[in-house]
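[1] Generate coordinates for the sequence data below:
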Amino acid sequence: MEQNIERSSNANRGFRVQAPLVDSVSCYCKVESGLKTVAGARKFVPGSKLCIQHDINPRAHKTRSYRRERRVQPPLLPGLPDDLAIACLIRVPRVEHNKLRLVCKRWYNLLSRNFFYSLRKSLGMAEEWVYVIKRDRDGRISWHAFDPIYQLWQPLPPVPLEYSSAIGFGCAVLSGCHLYLFGGKDPLKGSMRRVIFYSARTNKWHRAPDMLRKRHFSGSCVINNCLYVAGGECDGIHRTLRSVEVYDPNRNRWSFVADMSTGMVPFIGVMYDGKWYLKGLGAHREVLSEAYIPETNIWTPINDGMIAGWRNPSISLNGKLYALDCRDGCKLRVYDEATKSWNRFIDSKLHLGNSLSLEAAALVPLNGHARSLFTNLWSSIAGRSGLKSHIVHCQVLLA
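    A predicted model of the protein is given here:
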């Protein structure tokens, strides 16, 4: 009875029993999982209010509209769960993907991420397009994409300004869908270390780390999805380079590997039988050839039947080495390992005379076959002005 009277008295004096303290902004009970007591939490966050209800969710104070916004998300396709919608969208031909990105933000995000195209590739739905970089009569660089299935040329974002008139830059493909341009010589600034890449999945150009050395007219190849760049020229006293560097996209950095035996400006190169072969000109314009073995990181001078008859663009496909021969029309030759000689394989029946091979054709792998692509075809895309142009680089990207 006295206890009840005392409580009533306190109430009359304006005192109230204090409710558990809960910060209206956040709760610090679980601010450190290692703290076992509320007192420990007070030490961790000095002067903060303490919540004695350990099961309170720190996000419980979010507004109702915020929770509704997080919970409700429009479906990719009305009436279908997202997994079935994705199964439908990955079957849309690649030629329509630019239009799909314009439908809504969710579709744009889906078609800009690796998941969508990795799924297409794993299910055998990825398509190969041929990307051609050419130079016109005025020295301007442009490029085009060709869809071999629908026989259509596709629009592309313009080549970045630093490569719009550069010469001697390299080109390679990593991860099947990223086209890299590296090095080269700017007419005003000279040799460059610049590296950029185009993603076939986002249809945009991006920057990559610069090379360790400025160089143009260098040789390059891709080994285990790493980009190797060797030799070339550099403005200055030491014009012909021996140095070799490699770019690892997983680490996003360049590093040096073993130098070549002598400085070289390569004019052809190929990866064949586990070795990287380069043939080019030395400091005194003598013909040199070397092979690089990645496992041992060693360069070795080469002078055998393969090198002796190797003069034009080539490609290694299904364990065989093919090369173009354009001295009397464009023919395809194959290297015979047993006899160490080159034999005629295919005659294109298209005779261009004694044209320069690098201007006459480029050799690319397309759908598991070697296709010879001739510049008289590419020149037809120069426009109504009739400007003559030639291939600078030709690559295949998968998306």
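[2] Would you mind listing where the protein has pLDDT under the threshold?
    Scanning the chain with the threshold set as pLDDT under 70 gives 1-71, 237-238, 326-330, 346-389.
[3] Walk me through the domains of it.
    2-66, 74-122, 131-398 (automatic domain parsing).
[4] Show me where the stretch 1-150 of the chain has its strands.
    Under the criterion DSSP state E, counting those that start in this stretch, strands of the stretch 1-150 of the chain are mapped to 128-136, 141-147.
[5] Show me what counts as buried in stretch 168-179.
    By neighbour count on 16 or more other C-beta atoms under 10 Å, the buried set for stretch 168-179 is 168-175, 177-179. Where C-beta positions appear, they are placed from N, C-alpha and C, glycine not excepted.
[6] Between the residues you listed, which sits nearest residue 79?
    Closest to residue 79 out of those is residue 177 (31.9 Å), distances taken as C-beta to C-beta.
[7] Run through who's touching stretch 266-274.
    Stretch 266-274 is contacted from outside by 217-223, 230-232, 276-281, 293-295, 310-316, 321, 358, using C-beta atoms under 8 Å, 6 or more residues apart in numbering.
[8] Mind checking which of these are buried?
    By neighbour count, with 16+ other C-beta under 10 Å, the contacts of stretch 266-274 hold 217-222, 230-232, 276-281, 294, 310-316, 321, 358 as buried.
[9] The residues you listed in strands, which ones?
    219-222, 230, 276-281, 314-316, 321 (DSSP state E).
[10] Could you single out the nearest of the residues you listed to residue 115?
    residue 222 (23.9 Å).
[11] From residue 395, how far out is the closest one?
    Separation of residue 222 from residue 395 (C-beta to C-beta, to the nearest Å): 11 Å.
[12] likewise residue 119?
    If you measure residue 119 against residue 395 using C-beta to C-beta, the figure is 23 Å.
[13] before we move on, back to that, redo the buried residues of stretch 168-179 as CSV? Include distance to residue 78 and secondary structure.
    Listed next are the buried residues of stretch 168-179 as CSV, based on distance: C-beta to C-beta, whole Å; DSSP: H, G, I helix; E, B strand; the rest coil:
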residue, distance to residue 78, secondary structure
168, 53, coil
169, 47, coil
170, 47, strand
171, 43, strand
172, 43, strand
173, 38, strand
174, 38, strand
175, 34, coil
177, 30, coil
178, 34, strand
179, 36, strand
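[14] Pick the one among the residues you listed closest to residue 331.
    Closest approach between the buried residues of stretch 168-179 and residue 331, by C-beta to C-beta: residue 171, at 24.9 Å.
[15] which residue packs closest to that closest one, ignoring adjacent ones?
    residue 393 (3.7 Å; C-beta to C-beta, 6 or more residues apart in numbering).
[16] Same question for residue 276.
    Excluding the flanking residues, the one nearest residue 276 by C-beta to C-beta, 6+ apart is residue 292, at 4.2 Å.
[17] which SSE is the one you found in?
    Using DSSP states H and E, residue 292 maps to strand 287-293.
[18] contacts for that strand?
    Here strand 287-293 makes contact (C-beta under 8 Å, 6+ apart) with 228, 230, 244, 258, 260-262, 264, 274-282, 298-303, 307.
[19] Show the buried residues in those.
    Neighbour-count burial (16+ other C-beta under 10 Å) is assigned, among the contacts of strand 287-293, to 228, 230, 244, 260, 264, 276-281, 299, 302, 307.
[20] So what's the residue count around the residue nearest to residue 127 when sequence neighbours are not counted?
    Computed as C-beta to C-beta, 6+ apart, the closest residue to residue 127 that is not its neighbour in sequence is residue 94, at 4.4 Å. Residues lying near residue 94 (other C-beta atoms under 10 Å) number 20.
[21] Same check on residue 256?
    Counted with other C-beta under 10 Å, residues neighbouring residue 256 total 11.
[22] Pull up the gap between it and residue 244, please.
    Going from residue 256 to residue 244 by C-beta to C-beta gives 7 Å.
[23] same thing with residue 179?
    Counting by C-beta to C-beta, the gap from residue 179 to residue 244 is 22 Å.
[24] Just the element for residue 342, please.
    Judged by DSSP H and E, residue 342 forms part of strand 341-347.
[25] Within its sheet, name the partner strands of that strand and how each one runs.
    strand 331-336 (antiparallel) (DSSP bridges).
[26] how about the partner strand as PDB, C-alpha atoms only?
    C-alpha atoms of strand 331-336 as PDB (Å, rounded to 0.1, in the frame of the first residue of the first chain):
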ATOM      1  CA  LYS A 331      46.700 -17.600-102.000                       C
ATOM      2  CA  LEU A 332      46.600 -19.400 -98.700                       C
ATOM      3  CA  ARG A 333      49.600 -21.600 -97.800                       C
ATOM      4  CA  VAL A 334      50.100 -24.100 -95.000                       C
ATOM      5  CA  TYR A 335      53.300 -25.000 -93.200                       C
ATOM      6  CA  ASP A 336      54.400 -28.700 -93.400                       C
END
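[27] In that strand, which of the residues would be classed as buried?
    Going by neighbour count (16+ other C-beta under 10 Å), the buried part of strand 331-336 is 331-335.
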